[in-house]
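[1] Below are the sequence and a predicted model; questions follow.
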Amino acid sequence: MPPERLEDHLAYLIAGVNRQFEEELREKLRPQGVPIEQSRVLGLLADGQGRPMTELAEQVFVEAPTLTKIIDRMVAQSLVIRAPDPNDRRRVLIYATRRGQALWQKIGGYATEQQKRVLDRLSPGDLARLTEILRGLIAE
């Protein structure tokens, strides 16, 4: 039987948790002048591997045109570069520059701190179940 009150709907609860996490992270990033989407891009590129725009858009949770604008700003700030894929010259990969990597070193810990605070509130069993449930919902 579905819940009667909006605030008891699962989608509402998940959106509320997400909003709380994002607001907290935005506050941490604000003094650095880094939007949350840019921090996600830098985090994904931190391994030094280039990523195609389609993959980045999916993993940053934005539409392709929005990501193009984000990447344009990051290129202008010398945080990332576009380069041809060595395996397929028709495809462009995005790489973090040294400046982008240095910025990630400065801000990357914010998400880790946030994760630790959340993990401290969950038992290992609850964490495993919650992770499994959320991954299952994403996969549908």
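    Structure's in. What do you need?

[2] What pLDDT is listed against the residue nearest the centre of the chain?
    Central residue of the chain (C-alpha atoms, centre = their mean): Arg40, 3.6 Å from the mean position. pLDDT for Arg40: 95.

[3] What of Pro3?
    Looking at Pro3, its pLDDT stands at 68.

[4] for Val60, what are its contacts?
    Going by C-beta atoms under 8 Å, 6 or more residues apart in numbering, Val60 touches 37, 40-41, 44, 67, 70. For every residue, glycine as well, the C-beta is placed using N, CA and C.

[5] Go through these and say which is closest to Ile94.
    Val41 (7.4 Å; C-beta to C-beta).

[6] Tell me how far the closest one lies from Arg91.
    For Val41, the distance to Arg91 equals 17 Å [C-beta to C-beta, to the nearest Å].

[7] Who has more neighbours out of the two?
    Neighbour count, other C-beta atoms under 10 Å: between Val41 and Arg91, Val41 has more, with 27 against 13.

[8] Pull the contacting residues for that one.
    56, 60, 70-71, 74, 80, 94.

[9] now what about the longest helix anywhere in the chain, what contacts it?
    The residue-count maximum for a helix in the chain (DSSP state H) belongs to helix 98-119. Residues outside helix 98-119 that contact it (C-beta under 8 Å, 6+ apart) are 21, 24-25, 28-29, 32, 34, 39, 42-43, 45-46, 48, 74, 77-80, 96, 127.

[10] can you map out the strands along the protein?
    Per DSSP state E, the chain carries strands over the ranges 51-52, 80-85, 88-96.

[11] my guess is Gln38 contacts Ile70, does it?
    Yes - assessed by C-beta atoms under 8 Å, Gln38 is found in contact with Ile70 at 6.3 Å.
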